[in-house]
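Undergrad: Quick one: sequence plus predicted model below, questions after.
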Amino acid sequence: MEQKLQARLKRTTVKFWLLLIYIIAALVWWFISLQRQSTEMYNYQLNHLNTTINKDKNPVVYQEELRKVKEAYHSNTLKYGGEGIVFLGLIILGAAFVYSSMRQQKQVQDQQQNFMMAVTHELKTPIAISKLNLETLIKHQKLDEQKQRKLIQASLEETKRLDFLTNNILVSSQLEGKWYKMNKEDIDFSNLLQYRVNEFSQRFPDRSITSNIESGIDIEGDPLLLEILINNLIENALKYSEKDEAVAITLNRSEEEVSMKVIDEGPGIPEDERKKIYSKFYRIGNEATRKKKGTGLGLYLCRKIAKDHNADILMTNNNVKGSIFAVRFYL
Amino acid sequence: MEERAVNILLVEDEDNLHEALKLNLELENYQVTSAYDGNEAIKAVKNEYFDLIILDVMLPEVDGIAVAETIRISNNEVPILMLSAKNTSADKVLGLKKVRTIILPSLSIWKNC
């Protein structure tokens, strides 16, 4: 599939360049032949002049006529020269436009390809694990209780992961297609956030997750979307930092805004990647040997949700090490 | 008669999958050595003898195909089973041609255990 696409793209590129070269060659040929024609005409007129007017008897008239013929010749050259240049300019402009849109197309295609690869992996892995665990439980029914529990727990965890992922995919396509009807209501954001943090602490008992949440902060919003926003930010913070690095979540209110921060001690994000991380399917690095798995939908979705809630997301460096994602809801 | 336990190197980066695979192999009385990424796997192969390597294709740092290539370059003909979530025929051909391994869809081997 990938090879086919690549081959097609290559063929298109070759065709594009051949066509462009042909057009420019035709233009040059057109110029040369016109020039030749014009020179012929000039020579013919010169001959005609020489036979009709005697150079020695009527030098003034002869010079005058000669000047006229020469002028006509030059103005002709100038005329189609200028036309040619304008034409060439237009062709190059058009070609540049086509070329840049071709490249853009390729980029989108690449990102989609990456997404497909990532999603295949992300969807199949939790299914495979759950399936294997269940099969193991059926096959080895005499397994000791602790091991059985562990298998069940792992399956449950994987199912939650699958749920999280499908939610991301569904909601982002729904938001895009404008099918999703936002259900805004007054919600206790402090409560919602605390609940999410507790769930993450349960899911990752060996990670240090601390929170400093001001209580009683109400905002107007869609609870499902806000949940997805929180989940994605915390999930990212945990995923992109090492197991012994802490993640902190804070929430507080000032006069004009409610600000939620997710702070990690991971590797941080390079300056030149910061704008791109919110693009759909965008992921830093190469898909095949990537350390962390994901779909490239998380931050794209976060930004979209934030926008719909009159909020923005700002990424800054953590003092020590890592990054801070701050979501500010304007009141 | 003394029978040596079959020694298997398991290379898989997903913790839960790794644990489940390991448990199953151990329940079948195989001896399992764990590696969680490509570099670890290459190191393990250099230090120890394995009867079989079970290798995931998508790995952090060095991918499974590269690991298998490295093993083959050092003239090691240990049987390798590769697991791929993608399970495409292009992958299978690549596996057979480049590194003389068989690529299986994740987990299909357990049917035969």
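TA: That came in fine, so what should we check first? These figures come from a predicted structure and were not determined experimentally.
Undergrad: neighbours around residue 78, how many?
TA: If you meant another chain, say so; for now it's chain A. The number of residues packed around A:Leu78, counting by other Cβ atoms under 10 Å in any protein chain shown, is 10. Using the backbone N, CA and C atoms, a C-beta is placed for each residue, glycine as well.
Undergrad: not what I meant, chain B
TA: B:Val78 has 15 nearby residues by other Cβ under 10 Å.
Undergrad: Strands along chain A, start to end?
TA: Per DSSP state E, chain A carries strands over the ranges A:185-188, A:209-213, A:218-221, A:247-253, A:257-264, A:311-317, A:323-330.
Undergrad: Same question for chain B.
TA: Using DSSP E, strands in chain B cover B:7-11, B:31-35, B:52-56, B:80-84, B:102-105.
Undergrad: sorry, back to before: is it possible to get a markdown table of the strands of chain A that adds distance to chain B?
TA: Below are these laid out as a markdown table (distance: least, Cβ to the nearest Cβ, whole Å):
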| stretch | distance to chain B |
| --- | --- |
| strand A:185-188 | 33 |
| strand A:209-213 | 18 |
| strand A:218-221 | 33 |
| strand A:247-253 | 18 |
| strand A:257-264 | 19 |
| strand A:311-317 | 24 |
| strand A:323-330 | 20 |
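Undergrad: export those to JSON lines and tack on mean neighbour count and mean pLDDT?
TA: As requested, those are exported to JSON lines (neighbours: other Cβ atoms under 10 Å in any protein chain shown; pLDDT from 0 to 100):
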{"stretch": "strand A:185-188", "mean neighbour count": "12", "mean pLDDT": "91"}
{"stretch": "strand A:209-213", "mean neighbour count": "15", "mean pLDDT": "92"}
{"stretch": "strand A:218-221", "mean neighbour count": "18", "mean pLDDT": "91"}
{"stretch": "strand A:247-253", "mean neighbour count": "19", "mean pLDDT": "92"}
{"stretch": "strand A:257-264", "mean neighbour count": "20", "mean pLDDT": "92"}
{"stretch": "strand A:311-317", "mean neighbour count": "16", "mean pLDDT": "89"}
{"stretch": "strand A:323-330", "mean neighbour count": "19", "mean pLDDT": "92"}
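Undergrad: Of all the strands of chain B, which one is nearest A:Leu162?
TA: Nearest to A:Leu162, of all the strands of chain B, is strand B:102-105, at 17.9 Å by Cβ to Cβ.
Undergrad: Just the mean pLDDT for that closest one, thanks.
TA: Averaged across strand B:102-105, the pLDDT comes to 62.
Undergrad: coming back round to it: can you put the strands of chain B in CSV and add mean neighbour count and distance to chain A?
TA: Putting these into CSV (neighbours: other Cβ atoms under 10 Å in any protein chain shown; distance: least, Cβ to the nearest Cβ, whole Å) gives the following:
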stretch, mean neighbour count, distance to chain A
strand B:7-11, 22, 13
strand B:31-35, 18, 15
strand B:52-56, 23, 10
strand B:80-84, 22, 9
strand B:102-105, 18, 9
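Undergrad: Can you add distance to B:Ala66 and give those back as TSV?
TA: Conversion of the strands of chain B to TSV gives the following (distance: least, Cβ to Cβ, whole Å):
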stretch	distance to B:Ala66
strand B:7-11	12
strand B:31-35	14
strand B:52-56	10
strand B:80-84	12
strand B:102-105	14
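Undergrad: mean pLDDT for these: which is lowest?
TA: Of all the strands of chain B, the minimum mean pLDDT falls on strand B:102-105 (a mean of 62).
Undergrad: need the helices for the stretch 101-250 of chain A, in chain order.
TA: A:145-176, A:189-203, A:223-239 (DSSP state H, counting those that start in this stretch).
Undergrad: returning to that earlier point: ok, which of the strands of chain B comes nearest A:Arg161?
TA: strand B:52-56 (17.4 Å).
Undergrad: Please name the residues that touch A:Ile284.
TA: By Cβ atoms under 8 Å, 6 or more residues apart in numbering or on different chains, the contact set of A:Ile284 is A:Ile269, A:Pro270, A:Glu273, A:Ile277.
Undergrad: Spatially nearest residue to the third one (excluding sequence neighbours)?
TA: Sequence neighbours aside, A:Ile284 is the residue nearest to A:Glu273 in space, at 5.4 Å (criterion: Cβ to Cβ, 6 or more residues apart in numbering or on different chains).
Undergrad: buried set for the longest helix along chain B?
TA: Longest helix of chain B, by residue count under DSSP state H: helix B:15-27. Residues of helix B:15-27 classed as buried: B:Asn16, B:Leu17, B:His18, B:Glu19, B:Ala20, B:Leu21, B:Lys22, B:Leu23, B:Asn24, B:Leu25 (neighbour count, 16 or more other Cβ atoms under 10 Å in any protein chain shown).
Undergrad: same deal with stretch A:157-167?
TA: Residues of stretch A:157-167 classed as buried: A:Glu157, A:Glu158, A:Arg161, A:Leu162, A:Phe164, A:Leu165, A:Asn167 (neighbour count, 16+ other Cβ under 10 Å).
Undergrad: Show the contacting residues for the fourth one.
TA: In this case it means A:Leu162. Applying Cβ under 8 Å, 6+ apart, the residues near A:Leu162 are A:Leu123, A:Pro126, A:Ile127.
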